[in-house]
Structures are given as C-alpha cells and as structure tokens.
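Participant: quick check, what structure comes out for this input:
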Amino acid sequence: MVSQTAAATAKPPKVKKLHKMNHISIGDIIIWIIMIFCIVIVLYPILSIVSGSFSNSELVLRGQVGILPKGFTTRNYIALFSNKKLWPAYAYTLLYTVVGTAFSLFLNFCCAYPLSKRTFVGRRVWNFLLMFTMLFSGGLIPSFLLNTQVLPWMDTIWPFTLSGCVGAWTVIMIRTYFESIPSSLEESAKIDGANDVIILFKIYLPLSMPILATFGLFAAVGQWNNYFGPMLYMHDPSKWPVALLLRQWLFVDEGTGASGVGGSEQAYAIPQVARNYTAIVVTMLPIICVYPFIQKYFVKGMMVGAIKG
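Facilitator: Numbers count the residues shown, from 1 in each chain. This is a model prediction of the structure:
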C-alpha cells in the first residue's frame, strides 16, 4: 500500500519540450524575392518624383537625382502654394469627390440588390441590358449634347458626378457579392417583419463594407483625378478642381507664355520639370493619405458581425 501511494504521489518525469524549428523553404524565399521586386517597382517612381520635387531643378534636368533629394529646396512648393486659387480648387475637388463617390456607391448598390434576386421579374432582361452597355456606348458627343442641351447642367457639378456614375462592371461585381451572402439571413429578417429596404440597409449594407470600400476608393480616385469632365462642362475657372488647375499650369500656360496658375509669377519661374514633379505630388498625396483608413475594410470577412447574440 505504501509503495502504491508513493507511486501515485510521485511526480511524473519531466518531458523535454520539443520546439519546432521554423524552416524557411525555397518557396518562401522565392515569394519574398517577388514581393521585394514588386515593392521596388511600385515605390521607385513615387520616391523619384517626390525626390525631384524637393531637389534643385538644374540637378533634376541633368538626371543626377535618384530616390534621395539633391540640393534640397522647398522653393517649388512655396511657389505652388503661394497661389490663391489653389486652395479653393482643393475645396471644390473635395466636394466633387465626395458627391460623386456617394452617388456612385448608392446607385450601384441599389441597382445590384434586385439583380441579385432570382425572383426578380425581368432579371435576365436587365442583366442583358447591363452587359450590353459594356460593349456599346453612346460616345462623347451624345453625352455632351445630353448634358448641355437636353439637361441644363452646364457649369454645374452634375455632368461629371452624376452622369455616368453607374458602371456595369461595378454593378456586376456587387451583384455577385450579394449572391454569396446566405439567404438564411434574409429569411430570418423577413420572419421578424423586415421589408426589402430594411434588409438592404440593415443586413446587406454592413456585410458589404469591404467591397463598397474597394469600389468607393476607385470612384474617389477617379473623381479626384478627373480633369476632362470639368474641362468640358465647367467654364468658370473659379470652380475648377485641382487636376484641371494644375493641367492649366503645366501645359496651357507653358505653351501660351502665361504666368502659371492664375498669374503666379513665382510658379512660372520654376522650370517645367520641377513644376511637373511638384504638381504630381500635390495631386496624389491627399488621396494616398486616405488609403490607410480604408484598407482595414479590404481584409474584413464578409460574415464578420453578421450574427450577434
């Protein structure tokens, strides 16, 4: 009995823990090499442009500036931001971007919802018409006549924010995303008395944040960089966006001998290569700063938070 008690109370022998070695395979090395190569390809042009905007213009013209600035100077930015028309242009650009992105997301979202339902009457016909617009379009001249003669939209924001904000490819992608959402969620909501509007905005909208954030970023970038639409329909220079204002500064004023954006002598005194680099940085920097705040939606799963207690 004593031996049995002693054997029961005896501590088990210590077992050495086996630590798994983290082996790096050849496939991992190849993936890392490919990723580093892609990062260098993407970052090198951006760093070169930023470096050229802060470098001495003569060194830039000689091709002596790489990814690090040489002859560091802020003269290019001082000349650009000294113009009084730049800040209103930023304000109008922000207005056009917000309005155009909001209309684009709302209309594409509402258009994709009924097309994702198999019980929707005429679903095949509407899908065919949607696909037809991807292959054939009216073109620029009919759009111009529609926005200027049929609709009184000249010198307004609607031709380049509302007109054409619904895209067939965007609707199809959102429709496909809706079709992957389990129908049990919608059935449960209908049992609780929810109608289609409540289901759309209370169930589909929260679950669709990743894809809406993705297409919202695409729409915002397109609106931010859009200069052709305002150039056609906005004849008032005081309401030009940044993209059109900087285009005027870089190309038109250079060819006609005018003095920069809205008559800035300091801006025109800068060599054009420095003006180009500075204009690119000023145009792309705000939209790049928005990306980290939207990136979190890209990695979220579709069903995160779908069922709560």
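
Participant: CA only for contacts and neighbour counts going forward, please
Facilitator: Will do.

Participant: where does residue 24 sit: helix, strand or coil?
Facilitator: Put simply, residue 24 is coil when judged by DSSP: H, G, I helix; E, B strand; the rest coil.

Participant: sorry, that was for residue 155
Facilitator: Per three-state DSSP, residue 155 ends up coil.

Participant: and it, how many neighbours?
Facilitator: Neighbourhood size, residue 155 [other CA atoms under 10 Å]: 15.

Participant: ok, now which ones touch it?
Facilitator: Counting by CA atoms under 8 Å, 6 or more residues apart in numbering, residue 155 touches 233-236.

Participant: next one: residue 174
Facilitator: Neighbours of residue 174 in contact, by CA under 8 Å, 6+ apart: 108-109, 112, 211.

Participant: out of those residues, which is nearest to residue 42?
Facilitator: Using CA to CA, residue 211 is the member of the contacts of residue 174 that lies nearest residue 42, at 23.7 Å.

Participant: got the phi/psi numbers for the closest one?
Facilitator: The phi and psi values for residue 211, taken as degrees, to the nearest 10, are phi -70, psi -30.

Participant: and it, what's its pLDDT?
Facilitator: Residue 211 carries a pLDDT value of 85.

Participant: for residue 105, which non-adjacent residue is spatially closest?
Facilitator: residue 216 (6.5 Å; CA to CA, 6 or more residues apart in numbering).

Participant: neighbours of residue 132, how many?
Facilitator: 12.

Participant: quick one, domains of this structure?
Facilitator: Using automatic domain parsing, the domain parsing of the chain gives 27-73, 84-298.

Participant: and the helices in the stretch 1-150 of the chain?
Facilitator: Remark: helices of the stretch 1-150 of the chain, listed N- to C-terminal, are 2-9, 26-53, 57-61, 75-81, 86-115, 123-135, 140-145; assignment by DSSP state H, counting those that start in this stretch.

Participant: which among those helices is found nearest to residue 287?
Facilitator: Closest among the helices of the stretch 1-150 of the chain, once you apply CA to CA, is helix 86-115, at 10.2 Å.

Participant: isn't the residue nearest to residue 105 up against residue 100?
Facilitator: No. Using CA atoms under 8 Å, residue 216 is not in contact with residue 100; the gap is 9.8 Å.

Participant: in contact with the residue nearest to residue 105, which residues are there?
Facilitator: Contacts of residue 216 by CA under 8 Å, 6+ apart are 101, 104-105.

Participant: relative to residue 164, how far out is residue 228?
Facilitator: Distance, residue 228 to residue 164, using CA to CA, to the nearest Å: 14 Å.

Participant: and residue 156, what does it touch?
Facilitator: Per CA under 8 Å, 6+ apart, neighbours of residue 156: 233-234.

Participant: same question, the one 5 residues further on
Facilitator: Residues counted as contacts of residue 161 (CA under 8 Å, 6+ apart) are 96-97, 99-101, 103, 223.

Participant: what's the most distant pair in those residues?
Facilitator: Distance extremes for the contacts of residue 161: the farthest pair is 103 and 223 at 11.6 Å, using CA to CA.

Participant: okay, those two: which has more neighbours?
Facilitator: residue 223 (24 against 17).

Participant: count of neighbours near residue 197?
Facilitator: Considering only other CA under 10 Å, residue 197 is surrounded by 10 other residues.

Participant: any idea how far residue 204 is from it?
Facilitator: Residue 197 is 10 Å from residue 204, by CA to CA.

Participant: thinking again about what came up before, which of the helices of the stretch 1-150 of the chain sits closest to residue 273?
Facilitator: That would be helix 57-61 among the helices of the stretch 1-150 of the chain, by CA to CA, at 7.2 Å.

Participant: for the stretch 151-300 of the chain, give me the ranges with low pLDDT.
Facilitator: 251-271, 296-300 (pLDDT under 70).

Participant: and with 90 instead?
Facilitator: 151-156, 160-170, 172-174, 176-218, 220-222, 225-227, 229, 234-238, 242-300 (pLDDT under 90).

Participant: how about the helices of it, start to end?
Facilitator: Under DSSP H, counting those that start in this stretch, the stretch 151-300 of the chain gives helices at 158-161, 168-179, 183-191, 196-199, 205-207, 209-224, 228-233, 242-247, 253-256, 265-268, 272-298.

Participant: just want the phi and psi numbers for residue 139.
Facilitator: phi 100, psi -180.

Participant: how deep is it tucked in, by neighbour count?
Facilitator: Neighbours of residue 139 (other CA under 10 Å): 8.

Participant: with residue 290 instead?
Facilitator: With other CA under 10 Å as criterion, residue 290 counts 12.

Participant: can you check residue 128 too?
Facilitator: Using other CA under 10 Å: residue 128 sits among 11 other residues.
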